[in-house]
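Undergrad: The amino acid sequence is not available; the structure is as follows:
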């Protein structure tokens, strides 16, 4: 299963390429950009010898000459993205070909007032041109507040820290199977509430109580119908952080949940574990989740299990041959008093591929894949993903959560085979280009619902500063 084949984080983080003839003393490589920009720390620029980039003057603006911990950082993003959907939603409901242009602009300010106080704010503009149906507020939001929060650090030593965060912020937990950033659409996910972050060598823990922000196409507020809270703990077994385990609990209360079995108020609790590591060319990322709770008058018992593993050869193009396998449970009987449909919560965009047609609920997926690093700045990956329904009595869900293809109990379980190929090119430290092509070879289940094959293409050009 494609557990997050959106643009890989390691490839959207700009890298500094240094000349071979530089002296060892000058070979300072700045930390990369991050998906959540508030995770960046530019305190290293207090050392003038580390200022190697033309943009550094606005990344470290001193606020007190004698105290390097007092400084202001400015930054942002300009992203231009084209998407072509040929048979969106598998062509069901009369949706014809649709292609459009997306633009996202962000501007941020990060004020560090010593080691114990920080104020962060980021504005966002997302617009769309050329879309045939009315654009969703996730794509069309000319001006909005993306993030705005205050960090207070009441406890701090050389090895430990405790941070209290309040306001509007984003979250990306583990590999993003249940909580991530929704990076592909114009407007990423954001949450209003509080967060408690504890860190020490080999340990990190995050506790939070929030409400997701409701996308309205304007200045957005919290969704009063949904509450989301949890505790996520990571332990690494080694100092380089190559081997580790996550244990977590996530809770959600949703007054308007919708599944194939009906609509109602939902209270769901997710208990999960994730094991990950890299060893002797092998990498692995396994995750298991059990969900319980209530949906209307019914109980909830749902689950998922996924594995993403591969081997990388230390040779030309560094080929990595990988396999992703995953199962998310579906409902067996709408009248038995129990909902078995797994809820993927706030999973990362492009979970299976860049087309982002299917939500990982009631799905079995097998996805062999190959990655080639053609140069230090260019990589290509692709594969084939065979997709089935877990239960014939349950639907296939679209990424936003609505029912994309109804249950059709007499139809086969096979949904489609998705073929994808993706290119990532780091043109320059601040400029990144990506392109994707996806083709869904659909099965008789989709055909019975009036759907057909899908072609999807995207190109993305991003400037970060």
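TA: On my side now, so go ahead. Here the structure is a predicted model, which means the values were calculated and not measured. Numbering: from 1, shown residues only.
Undergrad: What segments of the stretch 251-400 of the chain are strands?
TA: With DSSP state E, counting those that start in this stretch as the definition, the stretch 251-400 of the chain shows strands at residue ranges 262-279, 282-295, 298-312, 320-328, 338-339, 363-375, 378-389, 396-397.
Undergrad: right, so of those strands, which gets closest to residue 103?
TA: The minimum distance between residue 103 and those falls on strand 378-389, with 24.8 Å, by CB to CB. From N, CA and C alone the C-beta is placed, and that goes for glycine too.
Undergrad: and the closest one, which residues are buried?
TA: Under the neighbour-count criterion of 16 or more other CB atoms under 10 Å, strand 378-389 has 379-383, 385-389 buried.
Undergrad: What is the distance between stretch 57-69 and the centre of its chain?
TA: Centroid separation between stretch 57-69 and its chain, computed with CA atoms, centre = their mean, to the nearest Å, is 32 Å.
Undergrad: Show residues contacting that stretch.
TA: Contacts with stretch 57-69, where a contact means CB atoms under 8 Å, 6 or more residues apart in numbering, come from 42-43, 45-46, 51, 53, 70-75, 111-115, 465.
Undergrad: one step back: can you list the buried residues of strand 378-389 in JSON lines and add distance to residue 179 and pLDDT?
TA: Compiled in JSON lines, these are given as follows (distance: CB to CB, whole Å; pLDDT from 0 to 100):
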{"residue": "379", "distance to residue 179": "26", "pLDDT": "98"}
{"residue": "380", "distance to residue 179": "29", "pLDDT": "98"}
{"residue": "381", "distance to residue 179": "24", "pLDDT": "98"}
{"residue": "382", "distance to residue 179": "27", "pLDDT": "97"}
{"residue": "383", "distance to residue 179": "25", "pLDDT": "98"}
{"residue": "385", "distance to residue 179": "23", "pLDDT": "98"}
{"residue": "386", "distance to residue 179": "27", "pLDDT": "98"}
{"residue": "387", "distance to residue 179": "23", "pLDDT": "98"}
{"residue": "388", "distance to residue 179": "26", "pLDDT": "98"}
{"residue": "389", "distance to residue 179": "25", "pLDDT": "97"}
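Undergrad: nearest to residue 264, of those residues?
TA: When the buried residues of strand 378-389 are compared for distance to residue 264 (CB to CB), residue 389 comes out closest, at 22.1 Å.
Undergrad: Quick one: residues contacting the closest one.
TA: The neighbourhood of residue 389, defined by CB under 8 Å, 6+ apart, consists of 330, 362-364, 396, 413, 415, 445.
Undergrad: and the closest residue to residue 452 other than its chain neighbours, how many neighbours does it have?
TA: If you skip the residues right next to it in sequence, residue 452 has residue 91 as its closest partner in space, 5.0 Å away by CB to CB, 6 or more residues apart in numbering. Using other CB atoms under 10 Å, the number of residues around residue 91 comes to 20.
Undergrad: Residue 123 too?
TA: Here the count is done by other CB under 10 Å, and residue 123 has 16 residues near it.
Undergrad: same thing with residue 450?
TA: 12.
Undergrad: Surely it is in a helix?
TA: No - under DSSP: H, G, I helix; E, B strand; the rest coil, residue 450 falls outside any helix and is assigned coil.
Undergrad: Could you tell me which ranges of this protein sit under the pLDDT cut-off?
TA: In the predicted model of the chain, residues 1-27 satisfy pLDDT under 70.
Undergrad: which residues does residue 287 bridge with?
TA: Residue 287 has the following beta-bridge partners by DSSP bridges: residue 274, residue 306.
Undergrad: how much space between it and residue 394?
TA: Distance from residue 287 to residue 394, counting by CB to CB, to the nearest Å: 21 Å.
Undergrad: on that earlier part again, which among the buried residues of strand 378-389 gets closest to residue 184?
TA: Using CB to CB, the shortest approach to residue 184 within the buried residues of strand 378-389 belongs to residue 381, at 16.0 Å.
Undergrad: which residues touch the closest residue to the closest one other than its chain neighbours?
TA: Excluding the flanking residues, the one nearest residue 381 by CB to CB, 6+ apart is residue 371, at 4.0 Å. Under the criterion of CB under 8 Å, 6+ apart, the neighbours of residue 371 are 310, 319-320, 322, 379-381.
Undergrad: Quick check: the farthest pair among those residues?
TA: Across the contacts of residue 371, the two members that end up farthest from each other (CB to CB) are 310 and 380, 15.1 Å apart.
Undergrad: Quick one: the helices in this protein, in order.
TA: In the chain, helices defined by DSSP state H lie at 9-12, 56-59, 444-448, listed in chain order.
Undergrad: Mind listing what's buried along the last one?
TA: Along helix 444-448, these residues count as buried under the neighbour rule (16+ other CB under 10 Å): 445-446.
Undergrad: Which secondary structure elements does it sit against?
TA: Using 3 or more CB pairs under 8 Å, 6 or more residues apart in numbering; DSSP states H and E as the contact definition, the elements that helix 444-448 packs against are strand 414-428.
Undergrad: can you do 10 Å?
TA: Taking 3 or more CB pairs under 10 Å, 6 or more residues apart in numbering; DSSP states H and E as contact, the helices and strands that helix 444-448 lies on are strand 403-405, strand 414-428.
Undergrad: As TSV, the ones you listed with mean neighbour count and distance to residue 143 would be great.
TA: Putting the helices and strands packed on helix 444-448 into TSV (neighbours: other CB atoms under 10 Å; distance: least, CB to CB, whole Å) gives the following:
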stretch	mean neighbour count	distance to residue 143
strand 403-405	20	31
strand 414-428	19	29
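Undergrad: could these go into TSV alongside distance to residue 103?
TA: Converted to TSV, these look like this (distance: least, CB to CB, whole Å):
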stretch	distance to residue 103
strand 403-405	27
strand 414-428	19
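Undergrad: Please identify which of the ones you listed is closest to residue 279.
TA: Checking the helices and strands packed on helix 444-448 against residue 279 by CB to CB gives strand 414-428 as the closest, at 25.0 Å.
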